[in-house]
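> Sequence and predicted structure, then a few things I'm wondering about:
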Amino acid sequence: MTTTTLAVLVPLLPFLGAVAGLLLGRSAPGFVRPLAVLPTLAALVLAALVAARQGGGRALDAVTELTPTGSVPVELALHIDGFAALVAVLVGTVATCVQIYSTGYLRDDPRYASYAALVSLFTSAMFLVVYSGDLMVLLVGWEVMGICSYFLVGHYWETPEARAASLKAFLVTKLGDVPFLIGLLALATEAGSFRITKILGAVASGSLDHPTLIALLLLAGVAGKSAQFPLHTWLPDAMAGPTPVSALIHAATMVAAGVYFVARLLPLFEASRAAMVVLAVMAAVTMVGSALAALAQDDIKRVLAYSTIGQLGYMTGALATGDRGAAVFHLLSHGAFKALLFLAAGVIIHAAGTNSLAAMSRMRGLRDRVPDAYWTMTVALLALAAIPPFSGFFSKESVLGAAEHVATGHTEHAPGAAGWTVLVAGLIAALLTAAYATRLWLLAFRGRGAEAPDHGRQPLVMNAVLWVLALPSLALGGLAFRLLPDWFDGQDLTPTLTTSVLGTGVALVGGIVTYAAWRHTTALADRTPLGAVAAHPEGDAGLVEAEAIAAHRAAYGDLASAPDPSDPGRLLLGPVHRHAAAGFHLDAVYATLFVRPVQAGARLVRFLDREVVDTYVHAAGALPRLLGAAVRRAQTGNVQTYVSALLAGTVVLAVAAVLVAAGA
């Protein structure tokens with residue numbers, strides 16, 4: 001079987017699995033789980049075969065005209081280089097793990113069949129984005145992922161949070177997709193083709209007239225899809241969906257699509273220095289802002305959501321320095337440990353038996369109850385904090401090294417200002433990332449909140465998937481930076497001494513300071529009445545004052561809901577904590593600038609429609625109705641009335657004739 005045929009089957013198999021799952025979900029429920037797992041697993045095997053055959057060598061191109069358009073043709077094209085081959089393997093790996101994990105996590109869910117089918121369709125769409133060599137076909141996968149995310153985030157549609165989150169995710173990403181589509185059309189018009197190879201050829205020849213405008217339009221779509229500032233606000237709210245969906249969206253699909261798109265068309269963005277600076281600023285604000293917000297969140301999934309936003313900021317920062325190898329390297333590394341983090345969080349939530357106990361301030365005694373999640377999440381958090389020798393260290397240092405090269409003038413792929421912006425923001429974000437990773441670990445596994453009810457051991461498949469993902473989180477980085485340069489245009493991914501020392505140093509400082517703050521707040525809490533209430537929820541009268549218990553009951557309703565008084569986030573952030581916890585009020589800003597004016601305009605239109613337009617319409621109907629009523633009253637059917645009216649009319653006419661004659 002040719003490599004082209006294998007590549008075509010990769011997105012086709014999950015698509016067929018999705019169709020079969022939707023058709024057979026109710027009539028043959030026994031086939032739902034095999035149809036969820038097996039096509040995705042087969043697609044992973046085929047993607048690995050495609051990667052092995054491609055081998056980081058010459059890109060594979062295959063094309064056939066999809067439909068004649070009369071102008072710019074739309075072609076069903078494949079373009080598989082080293083980047084595409086490896087990203088497809090990542091997508092298949094994470095999607096397979098998510099499908100297997102979901103068989104245990106959602107085993108009692110009545111809508112599992114539709115959920116599994118949508119996950120397969122989601123996976124197929126991302127494969128299409130990765131392998132597509134035509135931007136219009138890529139757009140199809142891009143938009144299919146958007147609608148899949150809408151349905152999957154709103155899976156628990158009975159809850160208002162899920163309904164609002166799915167609608168918000170759809171609208172915010174569509175807000176970016178509108179300029180994105182305009183940019184695609186403008187790019188194809190100037191390049192004369194939607195084919196990626198032809199577009200890159202046009203960029204190399206300098207035949208594009210408006211590269212800056214096109215690049216900025218495309219960046220709007222990238223910001224929406226990859227949750228970058230200022231269109232990132234949908235991603236934390238998307239945590240209302242099932243946890244496996246969060247793992248899929250954050251690790252391998254949807255948000256990765258924007259980064260991958262820029263990596264594919266990086267020469268286009270490099271053609272505009274202004275676009276590179278905008279990309280660098282967007283990445284810097286995203287990295288620092290999301291890390292601060294993560295340090296203030298209480299819900300474990302929202303911490304991880306803001307973490308994803310920040311790590312995507314590292315990837316866009318690498319692209320802003322012109323190094324797509326570093327960006328995709330971090331994309332691969334991040335995909336492994338972020339999927340592990342979300343799925344481990346799912347084990348914690350599953351152990352608690354409810355999504356409402358995902359608040360870290362109310363976790364207690366979880367280390368012994370979920371040992372698999374404890375050890376694997378520890379590995380993933382160390383990778384997230386970029387502590388050597390875990391995978392996140394090597395990929396994050398490749399980003400910082402790329403920024404250092406640009407900042408010090410060793411490369412001209414991007415402006416020096418972009419390099420300095422990414423480097424400084426990256427180091428600050430490294431400090432904050434280690435801080436919120438340490439805080440998450442301390443509160444989740446050594447927390448002092450109320451102990452959740454024990455719902456028993458989690459299904460074996462869930463714990464098995466955690467250990468599968470722990471392997472690349474631990475070892476991928478050390479192997480990849482030596483093996484991947486052949487796949488990434490020969491770009492060197494070896495960590496540099498300066499950024500390695502700085503990055504690791506600030507990460508250690510962040511972790512140590514957070515631990516010290518936790519020890520301080522723990523000791524302080526033990527000396528306060530309310531702290532003692534939280535530490536001893538039974539409320540020992542000899543240990544806690546009656547007033548403190550009463551105050552606690554008034555504040556929280558019962559002793560079992562005591563928040564963890566040892567949270568170091570408030571101490572570290574100080575007055576910034578309140579604003580960071582609210583995402584720096586961007587939702588409120590958008591509500592003031594956009595939502596309320598639109599609602600006011602809608603109310604005005606409704607008023608005009610009801611009170612003005614409807615008034616004229618009703619009046620136009622009322623006048624003929626009144627005339628008809630008058631005529632109807634004259635038609636009585638009484639002959640005497642008709643004769644009397646005839647005689648009266650005759651008299652009136654006679655009098656009128658006499659008066660006229662007399663006047664003449």
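On my side now, so go ahead. Numbering: from 1, shown residues only.

> hey, which helix or strand in this structure has the poorest pLDDT?
Least confident helix or strand, the chain: helix 546-556 with a mean of 45, by mean pLDDT, DSSP states H and E.

> Tell me which helix or strand comes right after that one.
Per DSSP states H and E, the first helix or strand lying C-terminal to helix 546-556 is helix 569-573.

> distance between that next one and the chain's centre?
On the basis of Cα atoms, centre = their mean, to the nearest Å, helix 569-573 sits 27 Å off its chain's mean C-alpha point.

> For it, which helices and strands make contact with it?
If you count contacts as 3 or more Cβ pairs under 8 Å, 6 or more residues apart in numbering; DSSP states H and E, helix 569-573 packs onto helix 273-296, helix 416-445, helix 497-526, helix 576-581. Just so you know, the C-beta spots here come from the backbone N, C-alpha and C atoms, and that holds for glycine as well.

> And the shortest one, what's buried?
For helix 576-581, a neighbour-count test (16 or more other Cβ atoms under 10 Å) marks 577, 580-581 as buried.

> returning to that earlier point: can I get the helices and strands packed on helix 569-573 in CSV including distance to Gly21 and mean pLDDT?
Listed next are those as CSV, based on distance: least, Cβ to Cβ, whole Å; pLDDT from 0 to 100:
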stretch, distance to Gly21, mean pLDDT
helix 273-296, 35, 96
helix 416-445, 34, 94
helix 497-526, 43, 90
helix 576-581, 39, 92
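
> can those helices go into CSV with extra columns for distance to Val178?
Formatted as CSV, those follow (distance: least, Cβ to Cβ, whole Å):
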stretch, distance to Val178
helix 273-296, 18
helix 416-445, 26
helix 497-526, 38
helix 576-581, 30
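
> Which residue lies nearest the spatial centre of this protein?
Leu235 (4.2 Å; Cα atoms, centre = their mean).

> contacting residues for Ala293?
236, 306, 580-581, 583-584 (Cβ atoms under 8 Å, 6 or more residues apart in numbering).

> Closest one to Val140 out of these, please.
Nearest to Val140 among the contacts of Ala293 is Pro236, at 27.8 Å by Cβ to Cβ.

> I figured the closest one was touching Val303, is that so?
No: taking contacts as Cβ atoms under 8 Å, Pro236 lies outside contact range of Val303: 9.3 Å.

> Can you pick out the residue with more neighbours from the two?
Comparing Pro236 with Val303 by other Cβ atoms under 10 Å, the one with more neighbours is Val303, at 28 against 25.

> Doesn't the more buried one belong to a strand?
No: Val303: not assigned to a strand; according to DSSP: H, G, I helix; E, B strand; the rest coil it is helix.

> Hmm, it is touching Ala296, no?
No: in this structure Val303 lies outside contact range of Ala296 using Cβ under 8 Å: 9.1 Å.

> Now do the phi/psi pair for His232.
His232 adopts backbone torsions of phi -100, psi -10, taken as degrees, to the nearest 10.

> Also Leu185?
Dihedral angles (degrees, to the nearest 10) for Leu185: phi -70, psi -40.

> thought Phe229 was touching Ala220?
No: with contact defined as Cβ under 8 Å, Phe229 and Ala220 do not form a contacting pair (12.0 Å).

> ok, Phe127 touching Val10?
Yes: in terms of Cβ under 8 Å, Phe127 counts as a neighbour of Val10; the distance is 5.2 Å.

> The two: who's more crowded?
Remark: of Phe127 and Val10, Phe127 carries more neighbours, 30 against 27, as counted by other Cβ under 10 Å.

> Please report the distance of the more buried one from Phe15.
The spacing between Phe127 and Phe15, counted by Cβ to Cβ, to the nearest Å, is 9 Å.

> do Pro211 as well
Per Cβ to Cβ, Pro211 is found 35 Å from Phe15.

> Kindly report the same for Glu161.
Separation of Glu161 from Phe15 (Cβ to Cβ): 30 Å.

> follow-up on the earlier one: list the residues that contact both of Pro236 and Val303?
Listed contacts common to Pro236 and Val303 are Gln297; contacts here mean Cβ under 8 Å, 6+ apart.

> Find residues that contact each of Phe127 and Val10.
Counting by Cβ under 8 Å, 6+ apart, the shared contacts of Phe127 and Val10 are 43, 47, 88, 92.

> what's the helix or strand for the last one?
Element membership for Gly92, per DSSP H and E: helix 82-105.

> List the contacts of Gly426.
287, 314, 317, 396, 399-400, 403, 503.

> So which of those is the closest to Val660?
Val660 has its nearest neighbour among the contacts of Gly426 in Met287, at 98.0 Å by Cβ to Cβ.

> Looks like that closest one contacts Gly313 (just checking).
Yes: Met287 is within contact range of Gly313, at 3.8 Å (criterion: Cβ under 8 Å).

> what do these two both touch?
Residues within reach of Met287 and of Gly313 at once, by Cβ under 8 Å, 6+ apart, are 425, 429.

> rewinding a little: format the contacts of Gly426 as TSV; extra columns: distance to Leu659 and neighbour count.
What follows is these, written out as TSV (distance: Cβ to Cβ, whole Å; neighbours: other Cβ atoms under 10 Å):
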residue	distance to Leu659	neighbour count
Met287	98	30
Tyr314	102	32
Gly317	100	32
Lys396	108	33
Val399	105	32
Leu400	108	27
Ala403	105	31
Gly503	111	27
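
> of all the residues you listed, which comes closest to Asp372?
Among the contacts of Gly426, and counting by Cβ to Cβ, the member closest to Asp372 is Lys396, at 26.0 Å.

> The closest one sits in which helix or strand?
Assigned by DSSP H and E, Lys396 belongs to helix 391-407.

> the strands in the chain, which residues?
60-67, 74-80 (DSSP state E).

> Figure out which of these is closest to Ala507.
With Cβ to Cβ as the criterion, Ala507 lies closest to strand 74-80 of these, at 35.6 Å.

> Which residue is the nearest non-sequential neighbour of Phe390?
Nearest non-adjacent residue to Phe390, counting by Cβ to Cβ, 6 or more residues apart in numbering: Ala383, 4.0 Å away.

> burial count for that neighbour?
Using other Cβ under 10 Å, Ala383 has 31 other residues around it.

> quick one: which of Glu161 and Phe15 has more around it?
Per other Cβ under 10 Å, whichever of Glu161 and Phe15 has more neighbours is Phe15, with 19 against 14.

> Between Val303 and Ala296, which contacts overlap?
Shared contacts of Val303 and Ala296 (Cβ under 8 Å, 6+ apart): none.
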